[in-house]
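Asker: can you look at this prediction? I've put the sequence above it.
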Amino acid sequence: MARFLILPRENPDVFAGLSPGEMQAIIERYMAWSAGVGDHLESGEKLLDGAGRVLRGQGDSLSVTDGPYAEAKEVVGGFWIVTADDLAEAESLLDGHPHLEFGSIEIREIEVWDQD
Amino acid sequence: MKSRSGIRTEPTAGVPELVEEVFRRSSGRLVAALVRALGPRHLELAEESVQDALLQALRSWPFSGIPERPESWLVRTASNRAIDRLRRRDRWEAEVDPEALTAAVEALGSPGPVRGADPGSPLEDDELAMLFLCCAPEVPADGAVALTLRTVGGLSTREIARAFLVPEATMAQRIVRAKRRFQEHREALVLPAPDSLPLRRDRVLKTLYLMFTEGYAASGDDRAIRAELCREAIRLTGLLAGHPATQGPMVDAQMALFLLHGSRLGARLSGGGIVPLEAQDRNTWDREMIARGFLHLDRARGGPVTAVHLEAGIAAEHAIAPSFDETAWSRIVAFYDRLVEVAPSPAVSLNRAVAVGMRDGAPTGLAALEALQEENGRGDRGLHRPLGWSLPAARAFLLERAGRRDDAGGEWRTAATLAPSSPVREWLLKRARV
C-alpha cells in the first residue's frame, strides 16, 4: 500500500454567497466522500485560512512575505492523506470528489525509503 | 457526481451526520442571539458573523470531521467572529461598553441546549423575540415575510426571491427597507410587553400565514424552496404555540391548519408538478402531521371561532376522508357557509361553489358559480383579478364531473393562459388533454 498527499485547491471566493442550506448540502457531500472511501482515508487537517508566510533566502538576508493568500488565485485549504495500491487507485478514489466542482485536486505519492 | 470506481457518495451508518437543516436553523438562532447581545442596530454585523462561522465550518469540517456538538462549535465561532469584527471597527468603543459586550457575546459561546429544544430556554426566547421584531408594526407586510425568512429562517436572499418569483435585487431591497424600519425604532431585542403582545402576536400569525400560503401555492418554480417555506411557517408557529407568553387557541388553530395542509404537501408536489386534491395518493399523506394537526385542533377550542379555525375544520374533513368522493361534503359546505359570513372573499365563494357541486351534483355547483358571477355583477372580467386561473379551473372541474368534456377542455386552456407559473400551467394543460 502506498500513501498519497491530497491537496485540494480553490479560489478563496468560491463559497461566497451560499445560503446556510446550500453550505450544509456541500458539507454533507464531502462527508459522504470521506465515509465512502472508508479505511483509505488515513487523516485530514485544515490549514488556517489567511495566515501563513512565504520565506525566501536573498543572499545573507531572509525575505518574508505574507502568503500564499496575498498572491495566489488558488489556495490550499487543507490536505488529506489517503492510502491506495498505486496512483491509479488513488485517482479513482478521488474521482467524483465534490471538491472537483469548486476547484482542483493534486495527488502526490509520498515516497518511502526501503531500509534494506 | 459518480465515480469511476463506484465509490458510494451517500452517508453510511456510524458516521456523524448533520441533523437535517441544522445549518439553516442554527443560522436563525445565532443571528437572534447576537442581535440580543448587540442590539437590533447591529443586525448586519450579526448576520455577517454567523455567515462567517458557517463558511468556516464549510472550510474546516471536510478535513477535521463534524464536531461532536456542531451547534456549540458554530456558536463559539460566530461569537468570536462578531468580536473580531467589532474590534476592527472605528469608534465601536464610543457606541458600546466593550467589556459588557464582549462578556455578553462570549456567554453565547458556552455550551447551551442543543437545538434550543427547551421552551423558555434562552436561545429559543431570542428567536421568538427576533420573530416579533421582524413582524413589528412599522415593517410592511411583504417585508416582514421576507425578513423573517432571511434572519430567523436562515434562507438566502436568492432563495427567498426564487420562492416569490421576484428578481434577487428587488428582494434584497425589500429586506433592507424592512430592516431599516425597525432599526430606527427598536433599541433592544425583547418580547413585546404583555399589553401589546396579543396585537403583535396577531401580526406575527398573519405574517406566518402569508409565508405558508406562498409555500403551499404554486407561485415559485422551486419545489424544494416552497416546501421549506411551509416547514418554516410550521416551525415558527410552533414556537408561538410552545411558549407560555404567546400560546393560545388562535395559534393552535393556525398550527392545525398548517399541519393538515402540510401533511398533503408531498402528495401535492409529487412528480414535479401540482397534483390536485382529487388525484393525490392519500397513502402518502403524512399521518404524523395529521395526528399533530388534530391535537392542535382540539386545543384550538375555547376561544372565538375565526376564519383560520374554519379553514382548519375544512382541512380536517379532507384529512379523514378515505377518498375525494367519500369526503363529507355537507360538512364542508357548512364550514364554507360560516366562512362566507366571517371572512367573505371571492376565493371562499369559489371554493364553496365547488363543494356544493360535490354535495349536490355538478350542475348545482356550476349554477352556484354563475350566481357568484352575477352577484358581483361584473361578469368574468370582474372576478378574474382576484381569482385569476382558479375560476375557469373550478368551472372546468365541475364541467368534467357533469360529463361536458369539450366545454371542460376549453376552460382548462383558458385557466392555463392565466396561470402564474409553469408547474400550474402544465398541469392545467395536461387536464385539458386528458
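Answerer: Received, thanks.
Asker: so where's the stretch 201-350 of chain B shaky on pLDDT?
Answerer: Applying pLDDT under 70 to the stretch 201-350 of chain B flags residues B:218-222, B:272-273.
Asker: near chain A, which residues of it are found?
Answerer: Within reach of chain A by Cβ under 8 Å from any Cβ of the partner chain, the stretch 201-350 of chain B has these residues: B:Glu228. No exception for glycine: its C-beta is placed from N, CA and C like everyone else's.
Asker: what about the helices in the stretch 201-350 of chain B?
Answerer: Using DSSP state H, counting those that start in this stretch, the helices of the stretch 201-350 of chain B run over B:223-242, B:249-262, B:265-268, B:287-299, B:307-320, B:329-342, B:346-360.
Asker: now chain A
Answerer: Applying DSSP state H to chain A gives helices spanning A:20-37, A:87-94.
Asker: out of the ones you listed, deepest packed?
Answerer: helix A:20-37 (a mean of 21; mean count of other Cβ atoms under 10 Å in any protein chain shown).
Asker: and it, what's its mean pLDDT?
Answerer: Helix A:20-37 carries an average pLDDT of 93.
Asker: does any bit of that helix sit next to chain B?
Answerer: Yes: Helix A:20-37 is in contact with chain B by Cβ under 8 Å from any Cβ, via A:20-24, A:26-37.
Asker: report pLDDT for residue 71.
Answerer: You didn't say which chain, so I picked chain A. Taking A:Glu71 on its own, its pLDDT is 58.
Asker: look at chain B instead
Answerer: pLDDT at B:Glu71 comes out at 83.
Asker: so the one helix or strand it maps to versus helix A:20-37, what angle?
Answerer: Using DSSP states H and E, B:Glu71 maps to helix B:70-87. Counting by axes from the mean of the first three to the mean of the last three Cα atoms, to 10 degrees, helix B:70-87 lies at 130 degrees to helix A:20-37.
Asker: alpha carbons only: can I get helix B:70-87 in PDB?
Answerer: Provided in PDB are the C-alpha atoms of helix B:70-87 (Å, rounded to 0.1, in the frame of the first residue of the first chain):
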ATOM      1  CA  PRO B  70     -21.900  21.100  15.800                       C
ATOM      2  CA  GLU B  71     -24.200  23.900  17.200                       C
ATOM      3  CA  SER B  72     -21.800  24.700  20.100                       C
ATOM      4  CA  TRP B  73     -18.900  24.900  17.600                       C
ATOM      5  CA  LEU B  74     -21.000  27.300  15.500                       C
ATOM      6  CA  VAL B  75     -22.000  29.400  18.500                       C
ATOM      7  CA  ARG B  76     -18.400  29.800  19.600                       C
ATOM      8  CA  THR B  77     -17.100  30.600  16.200                       C
ATOM      9  CA  ALA B  78     -19.900  33.100  15.400                       C
ATOM     10  CA  SER B  79     -19.200  34.900  18.800                       C
ATOM     11  CA  ASN B  80     -15.500  35.100  18.100                       C
ATOM     12  CA  ARG B  81     -16.100  36.400  14.600                       C
ATOM     13  CA  ALA B  82     -18.500  39.100  16.000                       C
ATOM     14  CA  ILE B  83     -15.900  40.200  18.500                       C
ATOM     15  CA  ASP B  84     -13.200  40.300  15.800                       C
ATOM     16  CA  ARG B  85     -15.400  42.400  13.500                       C
ATOM     17  CA  LEU B  86     -16.300  44.700  16.300                       C
ATOM     18  CA  ARG B  87     -12.700  45.300  17.300                       C
END
